[in-house]
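1. below are the sequence and a predicted model; questions follow.
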Amino acid sequence: MRRKPDSAGIIAALDTPDSGRAEAWARAVAPHVGLLKVGLELFCAAGPQVVRQVAAHRPVFLDLKFHDIPNTVAGAVRSVCATHPAMLTLHGGGGSAMIEAARRAAEDSLGENRPAILAVTVLTSFTAEALAATGVSGGPAQQVLRLARLALEAGADGLVCSPQEVSRLRDAFGEAPLLVVPGVRPAGSATGDQARTATPEDTVAAGADWLVIGRPITAAADPGAAAAAIASGLQSRRLQPSPSHP
Ligand SMILES: O=C(O)c1cc(=O)[nH]c(=O)n1[C@@H]1O[C@H](COP(=O)(O)O)[C@@H](O)[C@H]1O
């Protein structure tokens, strides 16, 4: 089980199918970030081996967003524990039994060295309208709080949410849950498919532990320099940009 950092840090999302490019990005950004994220694109192309490869630079946030019946998710968690990720994701909408099974599987596999279990609440690409179209009533903030309560009661260590729900989650659940926040955009960056966004500084001020940042770093001409610039923006607010452990 990893510990929460003392202050916010950056997680660089290595979204590419090319393990060589992921390696180059990892090397360039490692001095400026706390973790490296291996997500579906990279994992599906390069497999578990890429997690071990990237972990040579920084601990890995393995973001595969499991969502299946409890027995299947427990098996998937046992399988990925062999790569020793620091954190992994599942969908909060998978329900209590799935989350409990994931946590038990992680504990059985790695004991105290298990990855932190993070529940994704409402994807940051969702607008209120897009969420309503899936049949969920009440808007993103209400659904994030609903899924957060369910996930934390089922044993999740933290939550993935947009910058716009961070302060409400802190008000509701205090300092204990890890809050890992994508949809972060430095001023002037393209939002792309992200709908619920904020700047790194505002996201940290709201109470985030970790900022997940992909394209603003990896689409830059110099990814290392882009990561350094975001980190120094956070540092200028007296925050540590790259704690060494999650
Ligand atoms: O779980 C995630 O990391 C995640 C959840 C979410 O709601 N939204 C979201 O964007 N992400 C991930 O965060 C990263 C954001 O990348 P950029 O939009 O390029 O900064 C991507 O790798 C997404 O898979």
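-> The structure has been received and is ready for your questions.
2. use CA for all of it now, contacts and neighbours both
-> Will do.
3. enumerate the beta-bridge partners assigned to the residue nearest to the spatial centre of the chain.
-> For the chain, residue 180 is the residue whose C-alpha lies nearest the centre (C-alpha atoms, centre = their mean; 4.8 Å). Residue 180 forms beta bridges with residue 160, residue 210, as assigned by DSSP bridges.
4. so what pLDDT did it get?
-> What the model reports as pLDDT for residue 180 is 98.
5. which residues are in contact with it?
-> 158-161, 208-212 (C-alpha atoms under 8 Å, 6 or more residues apart in numbering).
6. check this protein for its longest strand and report it.
-> Among all segments of the chain classified by DSSP state E, the strand with the greatest residue count is strand 60-66.
7. chain center to it, what's the gap?
-> Mean C-alpha position of strand 60-66 versus that of the full chain (C-alpha atoms, centre = their mean, to the nearest Å) differs by 8 Å.
8. just checking: what are the partner strands of it?
-> Strands flanking strand 60-66 in the sheet, each with its direction: strand 35-39 (parallel), strand 87-91 (parallel) (DSSP bridges).
9. what does the first one rub up against?
-> Taking C-alpha under 8 Å, 6+ apart as the criterion, the residues outside strand 35-39 that touch it are 10-15, 26, 30, 51, 54-55, 58-64, 246.
10. circling back: could you point out the helix or strand that follows the longest strand of the chain?
-> Tracing the chain past strand 60-66, the next element assigned as helix or strand by DSSP states H and E is helix 70-81.
11. quick one, helices of the protein?
-> 19-29, 40-46, 48-54, 70-81, 96-110, 128-133, 140-153, 166-173, 200-206, 215-218, 223-235 (DSSP state H).
12. mean confidence for stretch 192-210?
-> Averaging the model's pLDDT scores along stretch 192-210 yields 96.
13. distance between the ends of it?
-> Start to finish, the residues bounding stretch 192-210 are 20 Å apart (C-alpha to C-alpha, to the nearest Å).
14. would you indicate which residues of it are buried?
-> Buried residues in stretch 192-210, counted by 16 or more other C-alpha atoms under 10 Å: 194, 196-210.
15. enumerate the residues of the chain near the ligand.
-> Residues of the chain found near the ligand (C-alpha under 6 Å from any ligand atom) are 13, 15, 39, 63, 123-124, 161, 182-183, 212-215.
16. ok, back up a step: nearest to residue 79 among the buried residues of stretch 192-210?
-> residue 210 (25.2 Å; C-alpha to C-alpha).
17. doesn't residue 13 make contact with the closest one?
-> No: counting by C-alpha atoms under 8 Å, residue 210 stays clear of residue 13, with 11.9 Å between them.
18. okay, the angle between the longest strand of the chain and helix 70-81?
-> In this structure, strand 60-66 runs at an angle of 160 degrees to helix 70-81, with axes from the mean of the first three to the mean of the last three C-alpha atoms, to 10 degrees as the basis.
19. now the angle from strand 60-66 to helix 96-110?
-> Taking the same axes, to 10 degrees, one finds strand 60-66 and helix 96-110 inclined to each other by 140 degrees.
20. which residues touch strand 60-66?
-> Taking C-alpha under 8 Å, 6+ apart as the criterion, the residues outside strand 60-66 that touch it are 11, 35-40, 51, 54, 73, 76, 85-91, 120.
21. pLDDT of that strand, averaged?
-> For strand 60-66, mean pLDDT is 98.
22. look up how far the ligand lies from the nearest residue to residue 150 once chain neighbours are set aside.
-> Computed as C-alpha to C-alpha, 6 or more residues apart in numbering, the closest residue to residue 150 that is not its neighbour in sequence is residue 96, at 6.4 Å. Using C-alpha to the nearest ligand atom, to the nearest Å, we find residue 96 at a distance of 18 Å from the ligand.
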